[in-house]
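J.: Build me a model:
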Amino acid sequence: MKMWQLMTKIVILSAMAAVAAERNIIFFITDDESPTLGCYGDTVAKTPAIDKLAADGTLFLDAFATTASCSASRSVVMSGLHNHKNGQYGHTHHYHNFSSFPDVVSLALPRVLANEGYRTIQIGKYHVAPEEVFHFDTYIKAKGRSPVEMAEKVRNVISEKSDNPFFLYFATTDPHRGGGVDKSVEGKYKPNLFGNKPDKGAYPEINEVFYKPEEVPIPPFLPDTKETRDELVQYYQSCSRIDQGLARLIEILKEAGLYEKTLIVFTADHGMAFAGGKTTVFEGGLRVPFVVRNPYEKKHGIRSKAMISHVDITPSLLDFAGGLNPETNGPKKWINPREYWKDKKYAMTENRSGGHQFKSYHGKSWLPLLGDADASGHNQIFASHTFHEIQMYYPMRVVRDREFKLIWNIANGQPYPFASDLWAASSWQAQWDKGMDAPYGQKTVGEYIHRPRFELYRIDKDPWEKTNLAANPEYAEVLKKYQEKMKVLQKELDDPWAIKWRYE
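T.: Below you'll find the predicted structure:
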């Protein structure tokens, strides 16, 4: 580049930086990803961009999804409400047909940020409903498996001159299962490709990272088998592709003079798509990566042990935007849903609220926790599962603190229902074919399918839920104590499944 061209570029970038609005937000959410990242201590994962972001921000070691199901989780992320209150219990697409209550419009993330003057932009996976509730100003179509292309597609819209800050909801499809199986692998059980191209193909501008089966770590909730390792190498490759998309997005921000004016949040909707992870309320399903880089926070490289939940995301981002009312824990510019829908034909005759009021969030802002290594966050978290696919009714409720975790399997009388992609997984099928006594992580195949009514774990000493203490007489009082905790939380959070305590 010639000197005059370089100087011209510098002048242009300086001018852009001068007019760029402050307090922009990028929310980067992946699909089915556990904390299998270098910054979380994974020595095999090649994720330099997220590692660098964590070193420049706050990494939360104890971050949890409220539910390990795609649509259901995203509705929580974008409403600050648990599923039993927002109404979206499972998938929204195809015949599943779940959606949030229309009156959630009062609290929905893109709506409340728009009220604070933000330009709202969505790219990639959406997977919530109704659109009128979770409405963005701009939708950009992109291939969710090609994150560098996704980053390039938002370059212009986030770099344009504006007095208004932007909110970018950036959602990859990786590392969700998909794309068929790797036919080159020998043996009966072929691993899913996790979106990777066959025969070591690559997406545009992606330097694909390939892993070896013998080198990948085995999460404690999975069996150490050839089939598991064959699938994990595909999963890890997909995660490394995501990292390169993040790297490009940060590069674009820096070129536009926006990196020091933009909050970046990186997380996943829930844990990895393996039996024992996705669709369960075990740690493998609920634990998620969570990194926040706040350019206005002076302390960097914080590894926080504060306990946070996905239900905290919407109030936190609204807090960053200056729009959270500390007295109501809701929006300062609250939308009265009755007034909002009055002149609209849509939803006028529907069940708009489920009998709920939507003035306050279930979650709390984690903004004050950033940069504070000693912050504690929540004392306990609540999690749930009701549906994934419509045929997968299996309600579960969880209360978890730093010492114990209680799981209530409300439909324990029936076999645990599988998501179609997890049932077909070679890592599961190989063990299923061996019979009910075959090992599967900390359990047997039979124990995974047939679950007791209650599961009580000493989570501080048994972090991967091996020993169920619910039937142990020595823990009878502990079990009762946590059952009462769960009942209180269900009442506070308007969970209709609380009625099951009286009838089942």
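
J.: Leu168 should be in a helix, yeah?
T.: No. Going by DSSP: H, G, I helix; E, B strand; the rest coil, the assignment for Leu168 is strand, not a helix.

J.: Where does the prediction get shaky in this structure?
T.: Residue ranges of the chain with pLDDT under 70: 1-19, 96-97, 345-349.

J.: Now the element after the biggest helix by length in the chain, going C-ward?
T.: Longest helix in the chain by number of residues (criterion: DSSP state H): helix 226-255. Sequence-wise, the next helix or strand downstream of helix 226-255 (DSSP states H and E) is strand 262-268.

J.: From the contact counts, what lies against that following strand?
T.: Applying 3 or more C-beta pairs under 8 Å, 6 or more residues apart in numbering; DSSP states H and E, one finds that strand 262-268 makes contact with strand 24-30, helix 48-55, helix 226-255, strand 290-293, helix 313-320. Backbone N, C-alpha and C define where each C-beta goes, glycine included.

J.: And the next helix or strand past the fourth one?
T.: The reference is to strand 290-293. strand 302-309.

J.: now that next one, how far from the chain's geometric center?
T.: What separates the centre of strand 302-309 from the centre of its chain is 15 Å, taken as C-alpha atoms, centre = their mean, to the nearest Å.

J.: Stretch 60-73 now?
T.: Stretch 60-73 sits 5 Å away from the centroid of its parent chain (C-alpha atoms, centre = their mean).

J.: re earlier: mind listing what's buried along the longest helix of the chain?
T.: 226-250, 252-253 (16 or more other C-beta atoms under 10 Å).

J.: can you check stretch 164-179 too?
T.: Those would be 165-179, for stretch 164-179 by 16+ other C-beta under 10 Å.

J.: is it true that Glu215 touches Thr43?
T.: No. Look at Glu215 against Thr43 with C-beta atoms under 8 Å: they stay out of range, at 9.4 Å.

J.: who has more neighbours, these two?
T.: More crowded of Glu215 and Thr43, by other C-beta atoms under 10 Å: Glu215, with 12 against 7.

J.: show me the contacts for the most centrally placed residue in the chain.
T.: In the chain, the centroid-proximal residue (C-alpha atoms, centre = their mean) is Asp269; its distance is 1.9 Å. The contact partners of Asp269, by C-beta atoms under 8 Å, 6 or more residues apart in numbering, come to 29-32, 65, 70, 73-74, 77, 288.

J.: What number of residues are in the vicinity of Ser159?
T.: 18.

J.: just Phe358 next, same as before
T.: The burial count for Phe358: 26, using other C-beta under 10 Å.

J.: Please name the residues that touch it.
T.: Phe358 makes contact with 81, 101, 103-104, 106-107, 337 under the criterion C-beta under 8 Å, 6+ apart.

J.: 6 Å - rerun?
T.: 103-104, 106-107 (C-beta atoms under 6 Å, 6 or more residues apart in numbering).

J.: Return the closest of the residues you listed with respect to Lys190.
T.: Within the contacts of Phe358, the smallest distance to Lys190 is 41.4 Å, found for Val104 (C-beta to C-beta).

J.: so the closest one sits in a strand?
T.: No. Under three-state DSSP, Val104 sits outside any strand and is assigned helix.

J.: and it, what does it touch?
T.: Contacts for Val104 were tallied using C-beta under 6 Å, 6+ apart; they are 79, 86, 133, 358.

J.: Is the second one in contact with Ser100, as I believe?
T.: Yes. Here Asn86 lies in contact with Ser100, judged by C-beta atoms under 6 Å, at a distance of 4.5 Å.

J.: thinking again about what came up before, once you drop chain neighbours, what's closest to the residue nearest to the centre of the chain?
T.: Using C-beta to C-beta, 6 or more residues apart in numbering and skipping residues adjacent in sequence, the residue nearest Asp269 is Ser73, 4.2 Å away.

J.: quick one: what helix or strand has the closest residue to Ala65 other than its chain neighbours in it?
T.: Nearest non-adjacent residue to Ala65, counting by C-beta to C-beta, 6+ apart: His270, 4.2 Å away. Element membership for His270 (DSSP H and E) is empty, with no helix or strand holding it.

J.: Ramachandran angles for His270?
T.: In terms of degrees, to the nearest 10, the main-chain angles of His270 are phi -180, psi -170.

J.: Is it correct that it is in contact with Ala68?
T.: Yes. Between His270 and Ala68 there is a contact under C-beta under 6 Å: 3.8 Å.

J.: which residues do these two both contact?
T.: Common neighbours of His270 and Ala68 (C-beta under 6 Å, 6+ apart) are Gly285.

J.: Tell me how far stretch 250-261 lies from the chain's centre.
T.: With C-alpha atoms, centre = their mean as the basis, the mean position of stretch 250-261 lies at 25 Å from the chain mean.

J.: rewinding a little: and which of the buried residues of stretch 164-179 is nearest to Gln431?
T.: Set against Gln431, the nearest of the buried residues of stretch 164-179 by C-beta to C-beta is Arg177 (17.2 Å).

J.: Report the contact partners of that closest one.
T.: By C-beta under 6 Å, 6+ apart, the residues touching Arg177 are 192, 194, 273, 421.

J.: these two touch, right, the third one and Asp32?
T.: Yes. Counting by C-beta under 6 Å, Ala273 does reach Asp32; the two are 4.1 Å apart.
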